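> Based on what follows, work out the 3D shape:
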Amino acid sequence: ASIIGTTGAGMLLIRPLIRYNAHRRHVAHVVVFFIFLVCNIGGLLTPIGDPPLFLGFLQGIPFEWTLVLFPEWMVSVGIVLFIFYFLDRYWQEPAPIRESAKAPLRIEGAFNFILLMGVVASVIMSGVLHFESYMTVGSLGELHYQNLLRDGIMISLAVISMLLTGKSIRASNSFNFGPIKEVAYLFVGIFTTMIPALMLLNARGAELGLDTPAKYFWLTGILSSFLDNAPTYLTFLATAMGALGLDHASQMIESPVSENILKGISVGAVLMGANTYIGNGPNFMVKAIAEGAGIRMPSFFGYMLYSGSILIPVFILLTFIFF
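Numbers count the residues shown, from 1 in each chain. As a prediction, the model looks like this:
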């Protein structure tokens, strides 16, 4: 997730995971923990991993800075995996015995990994290149050339993949555009309705009494659970910079006080995106793919029962250890 992004890792691994567990009656919990770990917590280590961290990189926070979050990542991943291990053993079911001829292991369509690395490289490039000129297009505002170049490369690589990958490979993976369409419709609504809330936070955020990393961690995380975690991250980053009297995001790592606040914002935005299906884009996509495969996933509030009982205690522990 930290190498190819939470969305990339989620889409790459969810279908093999579902096939591997196809014989089981109790499999919904596997997908829920997959959302916790792969679609959210796993992406904490690099700006490529999760959109909030990438936006921080675009604002000027060094690319390698996120590696300082390794202790928070390790504690979170370790505890959640530990809980999953025992819960999964409780619902363990023996796999059916199959008689199959020996065949060499192979990956079909492996050239797509090269295209995937091209996507990752284009994302990094857009954060490194900074063209001074830009174009202004009506209500879209400023369109920066490095972002247009990034998006053009990503679209081109996707088209190349669609043209060169055999249809039988996509069919055997039950590939379709249904899940991404659902996410697109959902997040158009979320981004539209969240604008007033973000405007209010930008205008009055300094009055919320945010003066410790723990408060930034929890408020960023709670709002990231129900809004989208990327703009929520930017809002609280701007709030923290205003409260500290800083002009540039890169100044957040220049003192222990401001860096700890940045850690709280970053960890809250990434980890608490796992609290609901709408906290991070891949959450809902993975849910849709699992349901398309016949898995009965928890409802919105049923999922929150999982996250509330498993993740919230982890976040409380992180608060006492790190914030």
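> Need the per-residue pLDDT for Ala197.
For Ala197, the pLDDT comes out at 66.
> Chain neighbours aside, what residue packs nearest to Arg15?
In space, Arg15 comes closest to Asn173 once its chain neighbours are excluded; the distance is 5.2 Å by CB to CB, 6 or more residues apart in numbering. All C-beta atoms are positioned from the backbone trio N, CA, C, and that covers glycine.
> What is the burial count for the one you found?
Neighbourhood size, Asn173 [other CB atoms under 10 Å]: 15.
> Do you know the pLDDT at it?
In this model, Asn173 is scored at 73, pLDDT.
> Regarding it, what are the backbone dihedral angles?
Torsion angles at Asn173 (phi, psi; degrees, to the nearest 10) stand at phi -100, psi 10.
> what comes up buried for the helix or strand that contains Val75?
Assigned by DSSP states H and E, Val75 belongs to helix 70-90. Of all the residues in helix 70-90, those buried under the rule 16 or more other CB atoms under 10 Å are Glu72, Trp73, Ser76, Val77, Ile79, Val80, Ile83, Phe84, Leu87, Asp88.
> do stretch 150-167 as well
For stretch 150-167, a neighbour-count test (16+ other CB under 10 Å) marks Arg150, Ile153, Met154, Leu157, Ser161, Thr165 as buried.
> next one: that stretch to chain centre, how far?
Relative to the centre of its chain, stretch 150-167 is centred 22 Å away, using CA atoms, centre = their mean, to the nearest Å.
> Ok, stretch 144-159 next?
Distance of stretch 144-159 from its chain centroid, counting by CA atoms, centre = their mean, is 20 Å.
> any idea how far Gly10 is from Ala121?
Distance, Ala121 to Gly10, by CB to CB, to the nearest Å: 20 Å.
> who has more neighbours, the two?
More neighbours surround Gly10 than the other of Ala121 and Gly10, with 26 against 14 (other CB under 10 Å).
> residues contacting that one?
For Gly10, the contact set (CB atoms under 8 Å, 6 or more residues apart in numbering) comprises Ala1, Phe34, Ile35, Val38, Cys39, Pro282, Met285, Val286.
> what ranges do the helices span in the stretch 101-250 of the chain?
Remark: helices assigned in the stretch 101-250 of the chain by DSSP state H, counting those that start in this stretch are 112-128, 145-164, 167-172, 178-204, 213-226, 229-244.
> closest one to Arg296 among the ones you listed?
helix 178-204 (16.5 Å; CB to CB).
> Leaving out chain neighbours, which residue sits closest to Leu116?
Nearest residue to Leu116, sequence neighbours excluded (CB to CB, 6+ apart): Ile4, at 6.0 Å.
> Count residues in the vicinity of that neighbour, would you?
When counting by other CB under 10 Å, one arrives at 21 neighbours for Ile4.
> quick one: it is in a helix?
No. Ile4: not assigned to a helix; according to DSSP: H, G, I helix; E, B strand; the rest coil it is coil.
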